[in-house]
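Engineer: Sequence and predicted structure below; questions after.
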Amino acid sequence: MKYRGDQNFYMCEIRKDFTIDATFKGNSSRFLNHSCDPNCKLEKWQVDGETRVGVFAARSINIGEPLTYDYR
Ligand SMILES: C[S@@+](CC[C@H](N)C(=O)[O-])C[C@H]1O[C@@H](n2cnc3c(N)ncnc32)[C@H](O)[C@@H]1O
């Protein structure tokens with residue numbers, strides 16, 4: 001799964017012909033920042049025949065700690 005983020009373009013490639021693009025619409029996962037030492041990870045699941053991307057804790061996270069994952 002590839003993810004590319006910059007000021008005006010947020011897109012997550014699920015397959016060659018299928019992407020999630022949060023440029024105009026998205027959910028609270030839009031607020032996760034990048035870190036090279038992230039506390040979260042993305043997982044791609046098949047749910048009822050649909051591809052879903054979920055954010056999961058990669059380690060124990062303290063209250064108030066920003067949620068991050070590796071954009072690359
Ligand atoms: C998906 S948004 C993350 C949420 C965003 N920080 C906000 O407050 O809405 C991605 C943008 O956040 C900023 N960003 C994400 N991670 C960052 C980091 N580690 N350091 C500085 N800016 C970051 C960049 O401007 C990036 O284009």
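Structural biologist: Structure received. Numbering: from 1, shown residues only.

Engineer: Give me the three-state assignment for Asn62.
Structural biologist: Using DSSP: H, G, I helix; E, B strand; the rest coil as the criterion, the local structure at Asn62 reads coil.

Engineer: Count the neighbours of it for me.
Structural biologist: Using other Cβ atoms under 10 Å, Asn62 has 6 other residues around it. (Glycine included, C-beta is placed from N, CA and C.)

Engineer: For it, give its distance to the ligand.
Structural biologist: Here Asn62 is placed at a distance of 18 Å from the ligand (Cβ to the nearest ligand atom, to the nearest Å).

Engineer: before we move on, what about Ala22?
Structural biologist: 7 Å.

Engineer: any idea how far Ser60 is from that residue?
Structural biologist: Distance, Ala22 to Ser60, using Cβ to Cβ, to the nearest Å: 27 Å.

Engineer: what about these two, which has more around it?
Structural biologist: Comparing Ala22 with Ser60 by other Cβ under 10 Å, the one with more neighbours is Ala22, at 14 against 7.

Engineer: which ones are touching Ile61?
Structural biologist: Residues near Ile61 by Cβ atoms under 8 Å, 6 or more residues apart in numbering: Asn39, Cys40, Leu67.

Engineer: for the second one, which residues make a bridge with it?
Structural biologist: So that's Cys40. Assessed by DSSP bridges, Cys40 has beta-bridge partners Ala57.

Engineer: right, and it touches Asn33 too?
Structural biologist: No. With contact defined as Cβ atoms under 8 Å, Cys40 and Asn33 do not form a contacting pair (10.1 Å).

Engineer: Which neighbours do the two have in common?
Structural biologist: When contacts are counted by Cβ under 8 Å, 6+ apart, Cys40 and Asn33 have Leu67, Thr68 as shared neighbours.
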